[in-house]
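A.B. asks: fold the stuff below for me.
(2 chains)
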Amino acid sequence: MANCTVRFMLGNHAVAHAALEAGVAVAAGYPGTPSSEIIEYIFEHAGETGTYVEWSSNEKVAFEVAYGAALAGARALVSMKHVGLNVAMDPLMSSAYTGVRNSLLIITADDPGMWSSQNEQDNRWVGLHSRIPVFEPYNPQNAADLVKLSMDFSSRLNHPVIMRLVTRVSHVREPVKVCGFGKPIFASGYVKDPAHHALVPANARLLKGELVKRWEEVKALVEDLPHEYVDDGSTLIITSGVAYRYVKEALEDLEVKASILNLVSPVPVPRKLIANAASKADKVIVVEEGDPVVEFQVKEALFDEGVRVPVYGKAEGLFTMVGELTLINVEEGIAKVLGVDTGRVVNHQQAVNAPPRPPVFCPGCPHAASFYELKIATAMARVKPVFSGDIGCYSLGINPPFNEQDLLTNMGSSIGLGMGVLRGTGGRQFIVAVIGDSTFFHAGLPALVDAVYNKAPMLIVVLDNRYTAMTGGQPSPTQVIDIGAVARAIGVKHVYTVDPFNVNEAKETLRDAIEKVKGGELAVVVMRRACALEAVRGRGALVVKYTVDADACRACGICYNLLACPAITRLNNGKAAIDQAACVGCSVCAQVCPYGAIKPLGEPSGWLSKWGEL
Amino acid sequence: MKLNIYLTGVGGQGLITFASVIGQAAVDSGLRVTVAETHGLSQRGGAVDVHVRVGEAHSPLIPMGGADVVVAFELIEALRALPYTNPGTVLIANRRLIPPAFRGRLPKPEDVEAEIKGRVAWAHFINAYDYAVKLGNPIFENMVMLGALFALTRVRELISMDAVEGAIVKVIGKAVQENLKAFRLGYSVTSARL
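C.D. replies: The predicted structure is shown next:
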């Protein structure tokens, strides 16, 4: 095509661009690493195409927005990280029963290795569970190709399709051929069809039968997808997704020959194609990122088709079941089956070793101030809380000196698990639930309703930094909906809103709230101050930085030990110093210094009130 | 032909921009290239790495022991990168130690440098941070390091200086003159010491 060009792009951007080329009309998602850049990219270009795009309050709502659009007959996609799909499972299961009128592309970005996640679930299982086919690309160009293919596949069958990405496709940057955007395909109107769109049991029973039939159709059609097959020797290696890349390089490095069959659809696998290829092989190796999803299906298919050939893969412990595949891991597995040596020598012996460097709160992060104040306030009130934590930048409160994230399991869990610990200890345990603003709206709201409804005496601290910060500063509902007003409307009697940059006021507010909880009541404290990264972006010139007066500093260590701001360093004499390049002028260290040794380099109130407007 | 460049540093030091410039320049020079990045939680001042592979590579990740070049934006992270090196590796390190949030003894910079020198074919240390500050902003540190990379390694045989400078303009887009200046400074001070 004339209007096509090769661009160096992130995998997620390639996915989004391809969807816009294919005429996506409605796109929705909730931010989550490694998926966030897909919706961000669509936001950047939606104005050019007329596509409707939204950041939804959570993945279930995002799914429903895209699903509803597809039921109407629009071309829709929904995007989220792997664990987000758990939140969306309810409508997802239904979408297989109802089918859709145009195409519904469900994008899940899995995080093998848990670079930024609480687990490494493999969402290809969801395809088997729901009877929704799963397509899996291996690089950004392939991802762009498969987006178009899966949208066409979806509209051909009127059935949703899942695209499974992983970190090493989403966050890989490579040249990609991009073309002009297509006209978004909206529905001209919604045609009522309750027999297919309203899942009362009588309808659902009939639709289950249709689904089972449609799944057979899917199984037949996946045979004709553009699976890549290289016929080169009696060992057959079956791959899916990024594993294909590791296998190609491993074979080159090992200087061995093998046939490779890379599957476009790990769910359902093309059974006939596999049986044909395997019948020519004397052994089969399955390499895939995540769980042995393909391997189990391959074994089943070969058993059913009467092809007797040994199959090796993750189920045999050949490749790692924990963490990402690596080239070395894939080489070792293949070498073991083929009886060759990898010839690799990796020297891990070091006389001087690197100390760990965990992620930390940014300089001027309002969460650090809040955790400091919460620690002091609970200590002064002589309560020994369980800090029920949640998912966001504030998860870093798990680290010293804070140690204020005792439980942390899933989005919105802080309030629910906190109530569970409260009930499980017969009401004896003092509970502080700590939750961010985006997480509060995502899954904290129903839990807060429960806390009011079932009268749970606990302290809920909402760290409202005005953004969905951890995933790159996407907007959050808090920018238009006041969390304090929401809590009051739900029926919380004791609701406070305080700025964590006013240290004394914040401590006093928390003390007050703690007393209410001691008295058997529920209290909500909204600690409101915008993310430092977002505050400084484009406003760097306004920042009034702070500095330490070395003569006044008595080396007490309160600033660097209790705030742990990365801009504050401990000098050899125990005194503090502030890195001027890193300081963003939050003023909190100056407030906690008992000797008044930390001073602003100018009048700070203008900057702090500007920041406070966010 | 395959050139594996392993980047390592601390979240916020501009590794992704650095890698994007090389990647864009490689694409503009008609080369294959793949870049694998770290995003998300680990960016918050944590250790980050980026894998850049120019040429005929398939895997998005460089294997341990497989880096032809290591560019370390920080000394402790240079140490952490050593498993990616082999006796033929060229390692370029920013002579800057950013203390991690770690309560324990930190290795001495001179011990770090000695350890690195004993492990690779050639180690080069540059005060990129100081040069960047002289140019007005530590943010230019990454372009000083890029200049050093081009002065020291065979990447220059694959990608011309013009291609890199073009990529700096394309990828970074803002403070272009300062970024180009930082790149040229990194190149000239490193070349002068050879």
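
A.B. asks: which bits of the stretch 351-500 of chain A sit near chain B?
C.D. replies: Residues of the stretch 351-500 of chain A lying close to chain B (CB under 8 Å from any CB of the partner chain) are A:351-362, A:393, A:395-396, A:399-400, A:470-472. Placement of C-beta: from N, CA and C, glycine included.

A.B. asks: kindly recompute the last result at 7 Å.
C.D. replies: Selection of the stretch 351-500 of chain A residues close to chain B by CB under 7 Å from any CB of the partner chain yields A:351-360, A:362, A:393, A:396, A:399, A:470.

A.B. asks: hey, where'd the strands end up in the stretch 1-150 of chain A?
C.D. replies: A:5-10, A:26-29, A:52-55, A:75-81, A:103-110, A:134-135 (DSSP state E, counting those that start in this stretch).

A.B. asks: for the residues of the stretch 351-500 of chain A next to chain B, which single residue is the most surrounded?
C.D. replies: residue A:470 (28 neighbours; other CB atoms under 10 Å in any protein chain shown).

A.B. asks: that one: what secondary structure?
C.D. replies: coil (DSSP: H, G, I helix; E, B strand; the rest coil).

A.B. asks: taking the stretch 401-550 of chain A, what residue is nearest to chain B?
C.D. replies: residue A:470 (6.1 Å; CB to the nearest CB).

A.B. asks: let me know the pLDDT of residue B:174.
C.D. replies: We have a pLDDT of 88 for residue B:174.

A.B. asks: so it, which of the three states?
C.D. replies: coil.

A.B. asks: about what we covered before: which one of the strands of the stretch 1-150 of chain A is the most hemmed in?
C.D. replies: strand A:75-81 (a mean of 32; mean count of other CB atoms under 10 Å in any protein chain shown).

A.B. asks: and the angle for that strand with strand A:103-110?
C.D. replies: 10 degrees (axes from the mean of the first three to the mean of the last three CA atoms, to 10 degrees).

A.B. asks: which residues does strand A:75-81 contact?
C.D. replies: Residues from elsewhere that reach strand A:75-81, judged by CB atoms under 7 Å, 6 or more residues apart in numbering or on different chains: A:19, A:22-30, A:32-35, A:38-39, A:59, A:62-63, A:66, A:69-70, A:88, A:102-109, A:111, A:117, A:151, A:185.

A.B. asks: now render the strands of the stretch 1-150 of chain A as TSV, adding mean pLDDT.
C.D. replies: Below are those laid out as TSV (pLDDT from 0 to 100):
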stretch	mean pLDDT
strand A:5-10	96
strand A:26-29	98
strand A:52-55	98
strand A:75-81	98
strand A:103-110	98
strand A:134-135	98
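
A.B. asks: quick one, which of those strands gets closest to residue B:81.
C.D. replies: When those are compared by CB to CB, strand A:5-10 sits nearest residue B:81, at 23.3 Å.

A.B. asks: list the buried ones in the lengthiest helix in chain A?
C.D. replies: Longest helix in chain A by number of residues (criterion: DSSP state H): helix A:201-221. Buried residues in helix A:201-221, defined by neighbour count with 16 or more other CB atoms under 10 Å in any protein chain shown: A:203, A:207, A:211, A:214-215, A:218-219, A:221.
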